[in-house]
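In: Predicted structure and sequence below. I'll ask about it afterward.
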Amino acid sequence: DVKVTQSSRYLVKRTGEKVFLECVQDMDHENMFWYRQDPGLGLRLIYFSYDVKMKEKGDIPEGYSVSREKKERFSLILESASTNQTSMYLCASSAPGGVSYGYTFGSGTRLTVV
Amino acid sequence: GENVEQHPSTLSVQEGDSAVIKCTYSDSASNYFPWYKQELGKGPQLIIDIRSNVGEKKDQRIAVTLNKTAKHFSLHITETQPEDSAVYFCAASEAGTALIFGKGTTLSVSS
């Protein structure tokens, strides 16, 4: 069964810390995405990548960066965590043939910044 | 950029009734419209999708309709069951760009 694995289910970090959220997919997908999910706001796109070492900003990239050194791994970095970054973070990957098609999501990382 | 509006935000139905969730999009270049279901504690899962060259698509109890002229699309669930209770998200995109999601609809099916 194909999988997108997010390394942590729950994280608690302090304000100002540098935070790494890791995502690994085993489907050999070119495209990977990071979204954040907040009540009443749905899923908002932070960054995505369509190839190794490539990245594109989504709708809300401020305060975040990403790294894609290997095809299967896409990391989201909070350079200096703030309380307004407390959220559920979802990673997804998609099959070749179109960035939009066939998203597979991970189970999410619930991050609390205190 | 694309903007997707989804209604209603919550929907309660009795088991066996039908449920309809509606979405509108802003970018006329969008040509791919998937629907995702998110159960508690899990990531969203694709349940059905439609492309702009198709007006309707059905898969057992779920169907999606698309009206490109009006820029809206809808999810229809017939004969609802308690296991249909979840959060549903619509999304839209132009081929080659990332999906933009609606804000979600929490569907509750009571037996």
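Out: Okay, I see it. Numbers count the residues shown, from 1 in each chain, chains lettered A, B, ... in the order given.
In: Is the residue nearest to B:V64 when sequence neighbours are not counted in a helix, a strand, or coil?
Out: Beyond its immediate neighbours in the sequence, the residue positioned closest to B:V64 (C-beta to C-beta, 6 or more residues apart in numbering or on different chains) is B:I50, lying 4.8 Å away. Yep, even glycine has a C-beta here, placed from its N, CA and C like the rest. Under the three-state scheme (DSSP: H, G, I helix; E, B strand; the rest coil), B:I50 adopts strand.
In: For the residue of chain A found nearest chain B, name its beta-bridge partners.
Out: With C-beta to the nearest C-beta, the shortest gap between chain A and chain B falls at A:F105, namely 3.2 Å. With DSSP bridges applied, the residues forming beta bridges to A:F105 are A:A92.
In: measure it to B:L66 for me?
Out: 23 Å (C-beta to C-beta, to the nearest Å).
In: Next: A:L76.
Out: Spatial separation of A:L76 from B:L66 under the definition C-beta to C-beta is 33 Å.
In: again, but for B:V4
Out: 13 Å.
In: Contacts only, for residue 38.
Out: Since no chain was named, I'll use chain A. For A:D38, the contacting residues are A:44, A:87-88, by C-beta atoms under 8 Å, 6 or more residues apart in numbering or on different chains.
In: my bad, chain B
Out: Contacts were defined as C-beta under 8 Å, 6+ apart; by that measure B:Q38 touches B:44-45, B:86-89, B:104.
In: Now A:N84, what are its backbone angles?
Out: Torsion angles at A:N84 (phi, psi; degrees, to the nearest 10) stand at phi -80, psi 0.
In: count of residues packed around it?
Out: For A:N84, the number of neighbouring residues by other C-beta atoms under 10 Å in any protein chain shown comes to 9.
In: gap between it and A:T15?
Out: Distance, A:N84 to A:T15, using C-beta to C-beta: 10 Å.
In: what about the nearest residue in space to A:M54 that is not next to it in sequence, neighbour count?
Out: Nearest residue to A:M54, sequence neighbours excluded (C-beta to C-beta, 6+ apart): A:R68, at 6.9 Å. Taking other C-beta under 10 Å as the criterion, the count of residues near A:R68 is 20.
In: Residues of chain B that sit close to chain A?
Out: Chain B comes close to chain A at residues B:1, B:6, B:9, B:32, B:34, B:36, B:41-46, B:49, B:89, B:93-104, as judged by C-beta under 8 Å from any C-beta of the partner chain.
In: check contacts around the residue at minimal distance from the centre of chain A.
Out: Central residue of chain A (C-alpha atoms, centre = their mean): A:W34, 2.9 Å from the mean position. Contacts for A:W34 (C-beta under 8 Å, 6+ apart) come out as A:21, A:23, A:45-48, A:58, A:64, A:66, A:74, A:76, A:89-91.
In: Out of those residues, grab the one that's most surrounded.
Out: A:F74 (29 neighbours).
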